[in-house]
Structures are given as C-alpha cells and as structure tokens.
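Asker: Here is a sequence together with a model predicted from it:
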Amino acid sequence: MELKDIKPNSGKIDVVVHVVTKESPRTFDKFGKKGKVCNALVQDETDKVTLTLWNEDVDKVEVGDKVHVQNGWCSEYKGEKQLSAGKFGKIEVVGKSDLKAAPEVFTNDPGMLSASQPGGGDDDDDDESEEPPVEEFVEE
C-alpha cells in the first residue's frame, strides 16, 4: 500500500514510510493513566502524512527511521489525514531511511542559493580579515 491510497476513517493499513520530522512529545493523563504522544511527518514516494505516535512508540521512532505500520488506522483532523497504529496495529522500525528528502530552506538572500559556495554566495560579509581598499590622496 502507498500513502496516496490511504483514505480517512479506514483501517487495516499496511505501509512502509520514512520519518521526516518528529515533534516534541507531550504527556497526558486520561482515565487515571499517564501516557505520551507526539506527531511525526512521514513520507513515501507518493505522499506525506502525519503519523501519531503513542507511548512506547514515541521513544522507539526517530527522524531518519524507516518504519512499517501494520494494521494501522487513518483518521482525519482539520482536513488532514492522520495515520496511527490504532487499537490493533503496531509500528516497527525496519531500518534507516534511504529516501533523500531535500531540506526546506526559507530565505530572502539570493546569494544563499549560489552554487559556488555551500551555505552562501561569494560576497559573504562575515569575512572580516580583508581590509577595505585604502584611498590615496595626492596634493598637487
């Protein structure tokens, strides 16, 4: 199964995805039981979806992992699909991601996009070792 084929409010989802980002865990107390939950953004070659991690899965899954969601459940929150192990499924880490996601970069500095120097253009202002040119005045 691929992420693009998953429909909200459906179960029996079996998919292998790559963890792109992971939020900080939150704790909760429900019916006298304490637990942890966090969201992770996962992707395959077809789509990106939020994966909700509960309790022991929070510590098991890390950014860069390849995970296998077995018998998962997809719900919908604010119009977006959310995948989880649900009541009867499980999440298993099966390896490190081999999917190369390009990092998102937000900038208004056109020099940063220059291919000539990683991380910036040729006209970096950070280099203070060069002294400005000295003007010579000649009296006539």
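Answerer: Yep, it's here. All figures in this text were calculated on a predicted structure; none of them were measured in a lab.
Asker: Could you pull up the contacting residues of the residue nearest in space to the middle of the chain?
Answerer: The centre of the chain sits closest to T21, judged by C-alpha atoms, centre = their mean, with a distance of 2.3 Å. Contacts here follow C-beta atoms under 8 Å, 6 or more residues apart in numbering; on that basis T21 touches A40, L41, V63. Placement of C-beta: from N, CA and C, glycine included.
Asker: Run through the bridge partners of it.
Answerer: Beta-bridge partners recorded for T21 (DSSP bridges): L41.
Asker: can you pull out the strands in this protein?
Answerer: Using DSSP state E, the strands assigned to the chain run over residues 10-22, 26-30, 33-43, 48-54, 65-77, 80-84, 90-96.
Asker: Which among these is found nearest to G111?
Answerer: strand 10-22 (27.2 Å; C-beta to C-beta).
Asker: any idea how far K7 is from R26?
Answerer: The gap separating K7 from R26 is 27 Å, by C-beta to C-beta, to the nearest Å.
Asker: tally of neighbours for the residue nearest to K34 when sequence neighbours are not counted?
Answerer: Nearest residue to K34 in three dimensions, chain neighbours excluded: T27, at 6.4 Å (C-beta to C-beta, 6 or more residues apart in numbering). T27 has 9 neighbours, counted by other C-beta atoms under 10 Å.
Asker: residues in contact with T27?
Answerer: By C-beta under 8 Å, 6+ apart, the residues touching T27 are K34, G35, K36.
Asker: Of the contacts of T21, which is the nearest to Q70?
Answerer: Nearest to Q70 among the contacts of T21, counting by C-beta to C-beta, is A40 at 16.5 Å.
Asker: what pLDDT does the closest one get?
Answerer: Confidence at A40, expressed as pLDDT, is 96.
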